[in-house]
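K.L.:
One predicted model, sequence on top.
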Amino acid sequence: MKKDLILSKQLTMLEKHEQKFLNQTDSPFMKSNFSPMVNKIQDKIPAKLKSTLDAAFYMGFHLVFEKGSSLIEKIVNKEKIEIEYDLNNYAIEKYMNRKHLTKLDKSSKHSKTINESIAAIEGGVLGLLGIGLPDIPLFLGVIVKTINEIALSYGFQYTTEEEKAYLLYLICAAMTKEDLRKAYDQKVEGLGQDIDTHAHISIDLDAVMKETSDLLSNTLLTAKFIQGLPIVGVIGGVVNPLIINKIGKYARIKYKKRYLLDKIKTTPQTQY
């Protein structure tokens with residue numbers, strides 16, 4: 001099979017997964033066995049907690065992007081992931097077969113699985129102690145680490161303001177309800193295309209952080225409130241790995257799509 005046909009087939013399969021993700025109706029934690037207890041607690045959440053959570057997520061993103069980047073760099077095995085990408089990408093360009101395209105996915109899948117485990121431990125321990133809000137910067141750090149590792153697995157860097165905004169919109173699209181998910185997906189698509197075609201981009205990163213913070217706090221209001229309650233807080237901790245799984249799954253789709261589109265653009269088309 002010709003290179004362009006292999007790539008086109010891969011892109012078609014990926015877009016089916018993309019549409020399935022965009023059309024799903026479940027929330028990150030509504031399928032949990034704890035849903036009845038969650039519903040009872042919702043009515044007891046203080047009204048002022050919403051604004052408190054908005055601020056906590058906003059400051060958490062600032063902390064992760066401004067002061068946590070060097071720490072994340074130490075935790076992320078950047079060199080190893082980049083070497084694996086270079087080897088896989090070279091094999092794809094030389095041989096272009098399904099086997100090597102599958103190998104490209106393994107690194108991103110491994111990163112997502114590892115970070116789900118980290119999120120489970122971190123959320124569960126803090127939940128047992130009844131710690132909810134202090135957990136937020138740690139939790140955001142795991143989210144950012146997950147997306148950064150997935151980006152590297154497909155050959156993308158993450159240090160520019162444009163890529164940080166792309167990361168934030170990924171979170172929004174993954175975590176919002178289905179009526180807004182497709183709108184955020186279009187933002188992700190548009191920004192990704194602009195970055196990859198080196199178009200002029202004007203980004204207000206602070207505004208995107210605020211938008212993402214508001215969306216996350218609204219989505220996770222109940223979970224983070226429960227995580228602030230001793231013992232019962234373990235329930236809130238269970239939510240963290242489910243969220244990492246959801247965001248990681250969407251991020252893998254979007255970065256792989258960018259990778260495939262770039263390969264299709266630079267691969268000579270088959271003549272019939």
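P.N.:
Looks like it arrived, so ask away.

K.L.:
Quick check, residue 156 in contact with residue 255.
P.N.:
Yes: taking C-beta atoms under 8 Å as the definition, residue 156 is a contact partner of residue 255 at 6.0 Å. C-beta here means a position set from N, CA and C on the backbone, and glycine is covered the same way.

K.L.:
For the two, work out which one has more neighbours and name it.
P.N.:
Shown here are residue 156 and residue 255; by other C-beta atoms under 10 Å, residue 255 has more neighbours (22 against 19).

K.L.:
For the more buried one, give me the pLDDT.
P.N.:
On pLDDT, residue 255 comes in at 96.

K.L.:
Can you tell me the element it falls in?
P.N.:
helix 233-266 (DSSP states H and E).

K.L.:
repeat for residue 194
P.N.:
helix 178-196.

K.L.:
Only the buried residues of that helix, if you could.
P.N.:
When burial is assessed from 16 or more other C-beta atoms under 10 Å, helix 178-196 yields the following buried residues: 181, 184, 185, 187, 188, 189, 191, 192, 195.

K.L.:
before we move on, what about stretch 101-109?
P.N.:
Buried, per 16+ other C-beta under 10 Å, within stretch 101-109: 101, 104, 107, 108.

K.L.:
which intervals of the stretch 51-200 of the chain have sub-threshold pLDDT?
P.N.:
Counting by pLDDT under 70, the stretch 51-200 of the chain has low-confidence residues at 68-76, 109-135.

K.L.:
try 90
P.N.:
Within the stretch 51-200 of the chain, the segments meeting pLDDT under 90 span 51-85, 87-146, 149, 159, 175-180.

K.L.:
can you map out the helices along the stretch 1-150 of the chain?
P.N.:
Per DSSP state H, counting those that start in this stretch, the stretch 1-150 of the chain carries helices over the ranges 3-23, 35-42, 49-62, 69-75, 78-95, 98-128, 135-153.

K.L.:
when you compare where the third one runs with where helix 135-153 runs, what's the angle?
P.N.:
This means helix 49-62. Per axes from the mean of the first three to the mean of the last three C-alpha atoms, to 10 degrees, the angle that helix 49-62 makes with helix 135-153 is 40 degrees.

K.L.:
go on, the fifth one?
P.N.:
For helix 78-95 against helix 135-153, the angle between stretch directions is 30 degrees (the same axes, to 10 degrees).

K.L.:
Tell me, how many residues neighbour residue 4?
P.N.:
There are 15 residues near residue 4, going by other C-beta under 10 Å.

K.L.:
now swap in the one 3 residues further on and tell me
P.N.:
Taking other C-beta under 10 Å as the neighbour definition, residue 7 ends up with a count of 22.

K.L.:
Please tell me I have it right and it contacts residue 265.
P.N.:
No: in this structure, residue 7 is not within contact of residue 265 by C-beta under 8 Å, at 9.8 Å.

K.L.:
What is the neighbour count of residue 137?
P.N.:
Residue 137 - counted by other C-beta under 10 Å - has 18 other residues nearby.

K.L.:
what's the answer for residue 65, then?
P.N.:
Counted with other C-beta under 10 Å, the neighbours of residue 65 add up to 18.

K.L.:
Would you agree it is in contact with residue 165?
P.N.:
No: contact criterion C-beta under 8 Å: residue 65 and residue 165 do not qualify, at 10.7 Å.

K.L.:
related to what we said a few turns ago, out of the buried residues of helix 178-196, who's nearest residue 205?
P.N.:
residue 191 (11.9 Å; C-beta to C-beta).

K.L.:
Distance check, that closest one against residue 255.
P.N.:
For residue 191, the distance to residue 255 (C-beta to C-beta, to the nearest Å) stands at 13 Å.

K.L.:
Over to residue 154?
P.N.:
Taking C-beta to C-beta as the measure, residue 154 falls 4 Å from residue 255.

K.L.:
which neighbours do those two share?
P.N.:
Listed as contacting both residue 154 and residue 255 by C-beta atoms under 8 Å, 6 or more residues apart in numbering are residue 108.
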